[in-house]
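**Student:** Pasting a predicted model and its sequence here:
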Amino acid sequence: MTTGGAGYDLSVVVSTHDRPLQLREAIAAIRAQDHPGPIETIVVWDRAEPEPDLAVPAEVDAHRPVHVLVNDRTPGLPGSRNCGAAAATAPVLGFCDDDDLWLPSKARRQLDLLATTGSDTVVCGLELEVDGTPFARPGSEPLLRYAHLLRSRRIEANMVAALVRTAAFWDEIGPLDEHIPGGFAEDYDWMLRAARHQPVPVVVDPLIRVRWVVRSHFRQQWPSWEAALRQVVDRNPEFSGEPRGRARVEGQIAVAIAAQGRRRDALRQIRTTLGWSMLEPRAAIALAIVAGVPAERLAAALNRRGHGI
């Protein structure tokens, strides 16, 4: 696996699927970074026809080239990100989805933090834009530890907020899990591994704009969400030492079960959730779904306030 040699300071992997206008905006934001050094952008088309005209060869712009690839790994976001990472030539990796925008100082400030701390991974705060409404989500503290991520799902613990040394991505931490059910929680799974490897420094300020569009969850997604979350718990037995964090994940599983219409299983899972913490709000959300409130309506209402389940 190459981790340098082409002279780039940073390789940014952009995963895309049929969002051509937003993709162009995402690429432009990366190429407009105020970091003085060279940055390569690697655009990976996943289950979609690529647009070769978006490529900018190094012969045309050695400072900000754009490479175009087709995902040749497992279909889905984890596979497309790993595909781009495998093609990267810089010693540091960044990730961007096609509906996200890197703010101008993201690369510079996070590369500076990598250099000053010597860490393998750094993250930053986010700015959420939900159907055009902005929500600032700064990082919660300057150093993110494994216990923090067990306790709560920190919004800065997100692949698009991270820069990681390429060697650590493939070795000490490992790539994204391409077989996690439905590709759900793949960034949480990876960030737990990164924070277990070593504490993760944080640029608290938001350095990326994540654009959410409120949409319904398709019924077939809920089983994958349930299975993925169970896998995350199984891989991190330390959750048992963090009752509030365990209750949070068990509550998310309860919501997924209730959304599938499995009323008896949902009630059983709600009891499991409350056994970890009587204060876990997702137990009430799952109970509301069991009582007949549509899961999609509740999820959309939370999304409009800049929150997820």
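**Tutor:** Now that the structure is in, tell me what you want to look at. Numbering: from 1, shown residues only.

**Student:** C-alpha only now, for contacts and for neighbours.
**Tutor:** Noted.

**Student:** Where does pLDDT dip in the stretch 151-300 of the chain?
**Tutor:** The stretch 151-300 of the chain contains residues with pLDDT under 70 at 214-220.

**Student:** ranges for the strands of it?
**Tutor:** Along the stretch 151-300 of the chain, counting by DSSP state E, counting those that start in this stretch, strands occupy 163-165, 200-212.

**Student:** Look at the nearest residue to residue 197 once chain neighbours are set aside and say how many residues are nearby.
**Tutor:** Nearest non-adjacent residue to residue 197, counting by CA to CA, 6 or more residues apart in numbering: residue 173, 6.6 Å away. Residue 173 is flanked by 22 other residues according to other CA atoms under 10 Å.

**Student:** could you list every residue that touches residue 173?
**Tutor:** By CA atoms under 8 Å, 6 or more residues apart in numbering, the contact set of residue 173 is 190, 193-194, 197.

**Student:** most surrounded residue in these?
**Tutor:** Neighbour-wise, those (other CA under 10 Å) top out at residue 194, 24 neighbours.

**Student:** wait, doesn't it sit right on residue 121?
**Tutor:** Yes: using CA atoms under 8 Å, residue 194 is in contact with residue 121, at 7.1 Å.

**Student:** Need the residues touching each of these two.
**Tutor:** Common contact partners of residue 194 and residue 121 (CA under 8 Å, 6+ apart): residue 200.

**Student:** who touches stretch 9-24?
**Tutor:** For stretch 9-24, using CA under 8 Å, 6+ apart, the contacting residues are 27, 30, 37-48, 77, 80-81, 84-85, 88-100, 107.

**Student:** that older thread, as CSV, the contacts of residue 173 with distance to residue 261 would be great.
**Tutor:** CSV is the format used below for the contacts of residue 173 (distance: CA to CA, whole Å):
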residue, distance to residue 261
190, 30
193, 33
194, 35
197, 39
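
**Student:** So which of the residues you listed is the closest to residue 291?
**Tutor:** For the contacts of residue 173, the minimum distance to residue 291 (CA to CA) is 34.7 Å, reached by residue 190.

**Student:** quick one: contacts for the closest one?
**Tutor:** With contact taken as CA under 8 Å, 6+ apart, residue 190 is in contact with 173-177.

**Student:** Quickly note the distance from it to residue 156.
**Tutor:** Noted for residue 190: a distance of 13 Å to residue 156, by CA to CA, to the nearest Å.

**Student:** cool, residue 270 as well?
**Tutor:** For residue 270, the distance to residue 156 equals 28 Å [CA to CA].

**Student:** before we move on, what about residue 191?
**Tutor:** Residue 191 sits 10 Å away from residue 156, taking CA to CA as the criterion.

**Student:** so where do the helices sit in the stretch 201-309 of the chain?
**Tutor:** For the stretch 201-309 of the chain, the helices defined by DSSP state H, counting those that start in this stretch cover 221-235, 243-259, 263-276, 281-290, 295-304.

**Student:** by contact count, what packs against the fourth one?
**Tutor:** In terms of contacts (3 or more CA pairs under 8 Å, 6 or more residues apart in numbering; DSSP states H and E), helix 281-290 is packed against helix 243-259, helix 263-276.

**Student:** The second one too?
**Tutor:** For helix 243-259, the packing partners by 3+ CA pairs under 8 Å, 6+ apart come out as helix 146-151, helix 221-235, helix 263-276, helix 281-290.

**Student:** Return the most buried member of those helices.
**Tutor:** Comparing these by mean neighbour count (mean count of other CA atoms under 10 Å), helix 281-290 ranks first with a mean of 21.

**Student:** export that helix as CSV, just CAs?
**Tutor:** Taking Å, rounded to 0.1, in the frame of the first residue of the first chain, the C-alpha atoms of helix 281-290 are listed here in CSV:
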residue,chain,number,x,y,z
PRO,A,281,-35.0,8.7,25.7
ARG,A,282,-34.9,6.2,22.8
ALA,A,283,-36.9,3.8,24.9
ALA,A,284,-39.8,6.3,24.8
ILE,A,285,-39.3,6.8,21.0
ALA,A,286,-39.5,3.1,20.4
LEU,A,287,-42.6,2.9,22.6
ALA,A,288,-44.3,5.6,20.6
ILE,A,289,-43.6,3.7,17.4
VAL,A,290,-45.1,0.5,19.0
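
**Student:** neighbouring contacts of that helix?
**Tutor:** Here helix 281-290 makes contact (CA under 8 Å, 6+ apart) with 248, 251-252, 254-256, 258-259, 261, 263, 266-267, 270, 273-274, 295, 298, 309.
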